[in-house]
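A.B. asks: return a 3D structure for these sequence lines:
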Amino acid sequence: MGAIDYYRRMREASSRSSKAAGFGIEALPRIARGEGSYLVDARGRRYLDGSGGPAAFSIGHGNREVNAAIAAQLERVACGYRYLFTSEALEELTALVLRLAGGDFEHVVYTSSGSEAVESAMKLALQYFDACGAPERRHFIARERSYHGNTLGALSVSGFAERRRPFEGSLLDVSFVSAANAYRPPAGVAPADRIDHWAAELDARIRSIGPQRVAAFMFEPVVGAAGGAVPAPPGYAAAIAAVCRRHGVLLIADEVMCGAGRCGSWRALEADGVVPDVMTVAKGLAGGYIPIGATLLRRGIGAAILARHGAFMTGHTYSGHTTACAAALAVQRLIERDGLIARVRERGPRLLEELRERLEPIAAVGDVRGRGYLIGIELVRDRATKLPYEPQRAVAQAVARHAFEHGLIVYPCAGNAGEGRGDTLIVAPPYNASDAELEELVEKLSASLAATLARSRRRA
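C.D. replies: Now for the predicted structure:
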């Protein structure tokens, strides 16, 4: 079950090894502090955070400037309830986010997580069509091998069977089209015809449902946990955007993981030359310092809702939490001031090539792909045929455990090849990681891969 199963196994291993130290039976290593790109546990062991946790920690840990901004806000007031007050932090963050997003967006709705941001995107799409006099547009289309969050609505639009299974029967009725994965393309379709194939599939699905019933198509510009950092092939985003426009269907870009600079531009879709109608962002927004997410609405979308209903009918008690906004504002100002997105854009391709070169001798490495600082490594039994490992071998989890034991954090995923098969690792370092830290990442990951796979072959 990918990362979920990995962390369960980590808890089990930790409980066996830490009872003598007085930890609880289900204890993981106890975190003590963060120092830039490193985390330190209570025993003094240092871990290079090579995946930013789950691709969330965009500027590393323990940043004094961000911590000071959070403390200063707490000294004034922790939170002003959104129905009673606005705040300087919220207003300044909104202005900054709208500017960084490129000027095509008009409204920002804040949440406390990426899952909530996706949930809000879905609700706002439905509210928009209700406001426009088309309340029959209720249906969503998404992609196989996608993951949009763990609320029931967000899970409904997630093509991630392993995470959906316990909740089937209570999920929304959502239609799915194929994933767009250049490494595992549709059978029998020539490379030059793939974009047209995927666009035609979406077009046919909309027509089969009835365009008048479809609210939105949702996708990740770079698929995260469900696929292992899979960028949309060149031309794909523009082709599906054209299909959506033709049928009056909203295009929702889920950039919870890949946005906020992670891929070398503030909007991941900027590289594809596409502007969605609705966009979500979360993980890198406040860099993990305080939970916050956001849903952005393109010009005209929010205006139509407000003209008809007077308010966006989504949100929670802590939406627009004042201190969370202050944290995000500090993180985004630091990223902009220090040119960190430009660094990701320039250094990312080199990191990708360094990983490819170092991992090339390891026969089980089938693909190394990604964009910016969101890179995936896919492991296979046979490089020529792309045959995946059997799920019970849990190869990605084993590599991640070995790396963790040797001071490196990477993010394991599974199931990307279908039917529970497929092993990938995600690398997503902080934007301000030094060249020396990136070299340490490459070195420790290659060593963990080689050692784990050699041990796996001996046991096979």
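
A.B. asks: which strands and helices lie in contact with the host helix or strand of Phe217?
C.D. replies: With secondary structure defined by DSSP states H and E, Phe217 is part of strand 214-219. For strand 214-219, the packing partners by 3 or more CB pairs under 8 Å, 6 or more residues apart in numbering; DSSP states H and E come out as helix 114-131, strand 139-143, helix 194-209, helix 236-247, strand 250-254. Quick note: C-beta positions are derived from backbone N, CA and C, even for glycine.

A.B. asks: where in the protein is pLDDT low?
C.D. replies: 1-26, 456-460 (pLDDT under 70).

A.B. asks: how about 80 then?
C.D. replies: Applying pLDDT under 80 to the chain flags the ranges 1-27, 456-460.

A.B. asks: and the strands in the stretch 251-400 of the chain?
C.D. replies: 278-281, 293-298, 365-371, 374-379 (DSSP state E, counting those that start in this stretch).

A.B. asks: pull the residues that contact the strand holding Phe217.
C.D. replies: Strand 214-219 has contacts (CB atoms under 8 Å, 6 or more residues apart in numbering) with 118, 121-122, 125-126, 129, 137-143, 146, 148, 157, 202, 206, 232, 240, 243-244, 247, 249-254, 277-278.

A.B. asks: I'd say Gly62 and Glu35 touch.
C.D. replies: Yes. The criterion here is CB atoms under 8 Å, and Gly62 meets it with Glu35 at 5.5 Å.

A.B. asks: comparing those two, which residue is more hemmed in?
C.D. replies: Gly62 (14 against 11; other CB atoms under 10 Å).

A.B. asks: list the contacts of that one.
C.D. replies: Applying CB under 8 Å, 6+ apart, we find Gly62 in contact with 33-36.

A.B. asks: and if we set it to 6 Å?
C.D. replies: If you count contacts by CB atoms under 6 Å, 6 or more residues apart in numbering, Gly62 has them with 34-35.

A.B. asks: from Asp49, how far out is it?
C.D. replies: Using CB to CB, to the nearest Å, Gly62 is found at 11 Å from Asp49.

A.B. asks: what about the closest residue to Cys325 other than its chain neighbours, which SS state?
C.D. replies: Closest residue in space to Cys325, ignoring its immediate chain neighbours: Ala89 at 4.0 Å, by CB to CB, 6 or more residues apart in numbering. Secondary structure, DSSP: H, G, I helix; E, B strand; the rest coil: Ala89 is helix.

A.B. asks: returning to what we had before: so what does the helix or strand following the strand holding Phe217 touch, helix or strand wise?
C.D. replies: Once the chain leaves strand 214-219, the next helix or strand it forms, by DSSP H and E, is strand 222-223. Strand 222-223 sits against no helix or strand, with contacts defined as 3 or more CB pairs under 6 Å, 6 or more residues apart in numbering; DSSP states H and E.

A.B. asks: how many neighbours does Asp382 have?
C.D. replies: 12.

A.B. asks: can you say which of the strands of the stretch 251-400 of the chain is nearest to Gly422?
C.D. replies: With CB to CB as the criterion, Gly422 lies closest to strand 374-379 of the strands of the stretch 251-400 of the chain, at 7.3 Å.

A.B. asks: domain ranges for this protein?
C.D. replies: 3-62+340-459, 77-337 (automatic domain parsing).

A.B. asks: let's have those domains in CSV, adding distance to Ala68.
C.D. replies: Listed next are those as CSV, based on distance: least, CB to CB, whole Å:
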stretch, distance to Ala68
domain 3-62+340-459, 12
domain 77-337, 8
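
A.B. asks: most packed of those?
C.D. replies: Among the domains of the chain, domain 77-337 has the highest mean neighbour count (mean count of other CB atoms under 10 Å), at a mean of 20.

A.B. asks: please tell me how far it is from the chain's geometric centre.
C.D. replies: In terms of CA atoms, centre = their mean, to the nearest Å, the centre of domain 77-337 is set 11 Å apart from its chain centre.

A.B. asks: what's the span of it from first residue to last?
C.D. replies: 26 Å (CA to CA, to the nearest Å).

A.B. asks: and for stretch 208-218?
C.D. replies: When the termini of stretch 208-218 are compared using CA to CA, they are 18 Å apart.

A.B. asks: repeat that for stretch 74-84.
C.D. replies: Distance across stretch 74-84, first residue to last, is 18 Å (CA to CA).

A.B. asks: elements contacting the helix or strand hosting Pro412?
C.D. replies: Counting by DSSP H and E, the element that carries Pro412 is strand 411-418. The helices and strands touching strand 411-418, judged by 3+ CB pairs under 6 Å, 6+ apart, are helix 395-405, strand 421-427.

A.B. asks: at 7 Å instead, please
C.D. replies: Using 3 or more CB pairs under 7 Å, 6 or more residues apart in numbering; DSSP states H and E as the contact test, the elements touching strand 411-418 are helix 3-18, helix 395-405, strand 421-427.
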